[in-house]
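Undergrad: structural data only, the sequence is not supplied:
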Ligand SMILES: N[C@@H](CCC(=O)N[C@@H](CS)C(=O)NCC(=O)O)C(=O)O
């Protein structure tokens with residue numbers, strides 16, 4: 001059975017959890033607590049030198065990078081297929097996973113870290129936070145997290161994050177014009193790759209308050225959210241109480257943003 005090193009509210013982990021659920025593949029979990037930087041422990045870095053989650057371990061295979069993990073799962077457990085049949089839809093799917101990896105995910109901390117991690121770090125204080133961040137291997141990541149910690153939503157990076165997220169929703173709207181799912185008539189790796197960001201924005205209560213959600217995207221989201229494999233089984237750690245807590249921090253962060 002594969003092992004997944006992950007964190008409940010990490011979108012990169014969530015897409016992997018969704019795919020394993022769609023495939024009906026059982027897995028063992030090892031939670032890597034990002035707020036406490038367990039991802040920078042010597043043990044974890046020996047598995048994944050980037051210090052990022054997720055990592056999938058299956059027998060002798062150790063796979064990092066969420067999109068590579070999706071590919072690995074898709075080839076190892078091919079049924080049901082989450083890859084479209086037509087060459088054009090396959091190309092579309094790759095463009096979507098590329099968009100998520102290269103455009104959406106890099107700016108995501110401008111929304112998520114501010115809501116999710118910043119309140120906990122504010123309690124720890126500057127010295128402790130700067131020490132934790134200084135251990136991150138990637139300097140760009142260090143800078144993004146420091147900015148989110150110091151300034152919350154009041155930064156250009158946060159403005160970029162809101163812009164890119166809105167662009168994502170608009171591109172989805174265009175993509176859903178002639179088809180039920182982003183790349184054809186069945187759910188593909190493209191839908192699975194974008195979905196966690198909408199789920200997280202929704203969990204923080206900012207999807208509706210922070211963005212204009214086109215009706216085709218709202219319909220797509222509601223179909224996937226009510227899909228039997230999405231939800232409690234892929235996110236066992238987020239109970240009602242935690243959900244309420246997240247909405248509250250999201251609300252507070254949004255009101256601070258409006259004052260900016
Ligand atoms: N390109 C990587 C990005 C992974 C990534 O950014 N993971 C985040 C969680 S979603 C992480 O581990 N952050 C830890 C940190 O920055 O300290 C992937 O797709 O797997």
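TA: Happy to help now that I have it. No experiment lies behind these values; they were computed from the predicted model shown.

Undergrad: up against the ligand, what does the stretch 1-150 of the chain have?
TA: Within reach of the ligand by Cβ under 6 Å from any ligand atom, the stretch 1-150 of the chain has these residues: 10-12, 34, 39, 52-53, 65-67, 101, 105, 136, 141. Bear in mind the C-beta positions are built from the backbone N, C-alpha and C, glycine included.

Undergrad: pLDDT and secondary structure for those residues - can I get that in a markdown table?
TA: Putting these into a markdown table (pLDDT from 0 to 100; DSSP: H, G, I helix; E, B strand; the rest coil) gives the following:
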| residue | pLDDT | secondary structure |
| --- | --- | --- |
| 10 | 89 | coil |
| 11 | 93 | helix |
| 12 | 96 | helix |
| 34 | 85 | coil |
| 39 | 93 | helix |
| 52 | 95 | coil |
| 53 | 96 | coil |
| 65 | 97 | coil |
| 66 | 98 | helix |
| 67 | 98 | helix |
| 101 | 98 | helix |
| 105 | 95 | helix |
| 136 | 85 | coil |
| 141 | 84 | helix |
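
Undergrad: so which of those residues is the most crowded?
TA: residue 66 (28 neighbours; other Cβ atoms under 10 Å).

Undergrad: now for the residue in the stretch 151-260 of the chain that the ligand sits nearest to: which residues touch it?
TA: Nearest to the ligand, among the residues of the stretch 151-260 of the chain, is residue 196, at 8.7 Å (Cβ to the nearest ligand atom). Counting by Cβ atoms under 8 Å, 6 or more residues apart in numbering, residue 196 makes contact with 11-12, 14-15, 18.

Undergrad: go through the residues of the stretch 1-150 of the chain next to the ligand and name the one nearest residue 168.
TA: residue 105 (10.5 Å; Cβ to Cβ).

Undergrad: close enough to count as contact, that closest one and residue 12?
TA: Yes - look at residue 105 against residue 12 with Cβ atoms under 8 Å: they come within range, at 6.9 Å.

Undergrad: the residue located most distally from the centre of the chain: which element?
TA: For the chain, the C-alpha farthest from the mean C-alpha position belongs to residue 127; by Cα atoms, centre = their mean, that distance is 27.9 Å. When secondary structure is defined by DSSP states H and E, residue 127 falls within helix 126-134.

Undergrad: buried ones in that helix, by neighbour count?
TA: 129, 132-133 (16 or more other Cβ atoms under 10 Å).

Undergrad: so how far is it off the chain centroid?
TA: Centroid displacement of helix 126-134 relative to its chain, using Cα atoms, centre = their mean, to the nearest Å, is 24 Å.

Undergrad: from the contact counts, what lies against that helix?
TA: Other helices and strands packing on helix 126-134, by 3 or more Cβ pairs under 8 Å, 6 or more residues apart in numbering; DSSP states H and E, are helix 139-151.

Undergrad: what's the angle between the helix it packs on and helix 126-134?
TA: 160 degrees (axes from the mean of the first three to the mean of the last three Cα atoms, to 10 degrees).

Undergrad: after helix 139-151 comes which helix or strand?
TA: helix 156-175.

Undergrad: now do that next one and helix 139-151, the angle between them.
TA: Computed by the same axes, to 10 degrees, the angle between helix 156-175 and helix 139-151 is 110 degrees.

Undergrad: can helix 156-175 be found next to the ligand?
TA: No - figure legend: helix 156-175 not in contact with the ligand (Cβ under 6 Å from any ligand atom); closest approach 13.6 Å.

Undergrad: which of the residues in that helix are buried?
TA: 157-158, 161-162, 164-165, 168-169, 171-173, 175.
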